[in-house]
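Asks: no sequence on this one, just coordinates:
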C-alpha cells in the first residue's frame, strides 16, 4: 500500500513538470533588433486599431506594433505590416536613412515609431513596389488603378529577434 502511494505521488509530480517548464519559457521577454533611431518597445499601440486612431485625422505621430507581412526584396527600403481585414500598411523609413533585412522578417513582430497618413498611391508607385517585390511583368502590368491606403514613415523600428536560447541547467547535457 505504501508503494502505491509513493508511485501515485511520483506520477503526480512528473505530470506537473512540463507545465512548469512551459510557464518558465513563456515568461522570457522578447528581444528586438533596432533600426534607425533608438526606440523602446513600451507604449506601442496595436496596428489593428489604425482605423479608429485615424478616424478623424489626416496624419498622426504614433508608436505602433504589428506583424510584418513582407519586406522589400531589392534593398529592404520598405516593409508591409498587417492591419486586419486582409489589409496592409506600407512602412518606409524617414529620409531613406535606414533599411531592414530583405528576407526572413515575415511573421515577426515589429514596433515602429513615426508618422502614419492616409494617402492615394499612384499606379506608377504601386508598380514600383510590385517590381521591388519581384513580381512578374504580367502582375505589374495588371496594376491599373490607384489605391487609397495607410502609409507609415518610421523614424525608428524594432524587429523581433530570434527567441533567446535557454541556458542549460547545471547537471544537464
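Replies: Here it is on my side, so go on. Everything quoted here is computed from the prediction, not taken from an experiment. Numbering: from 1, shown residues only.

Asks: List the contacts of residue 73.
Replies: Residue 73 makes contacts with 102-103, 132-134, as judged by CB atoms under 8 Å, 6 or more residues apart in numbering. (Each C-beta comes from the backbone N, C-alpha and C, glycine too.)

Asks: Actually, residue 109.
Replies: By CB under 8 Å, 6+ apart, the contact list for residue 109 reads 30, 65-68, 159-160.

Asks: got it, and residue 68?
Replies: Residue 68 makes contact with 79-82, 105-110, 159 under the criterion CB under 8 Å, 6+ apart.

Asks: Let's see that with 6 Å instead.
Replies: 79, 81, 105, 108, 110 (CB atoms under 6 Å, 6 or more residues apart in numbering).

Asks: picking that back up, which of the contacts of residue 73 lies closest to residue 72?
Replies: Nearest to residue 72 among the contacts of residue 73 is residue 132, at 4.7 Å by CB to CB.

Asks: Now that closest one. Its backbone dihedrals?
Replies: The phi/psi pair for residue 132 (degrees, to the nearest 10) reads phi -60, psi -30.

Asks: tell me which residues of the host helix or strand of residue 115 are tucked away?
Replies: Take DSSP states H and E as the rule and residue 115 turns out to sit in strand 109-121. By 16 or more other CB atoms under 10 Å, the buried positions in strand 109-121 come out as 109-114, 116, 118, 121.
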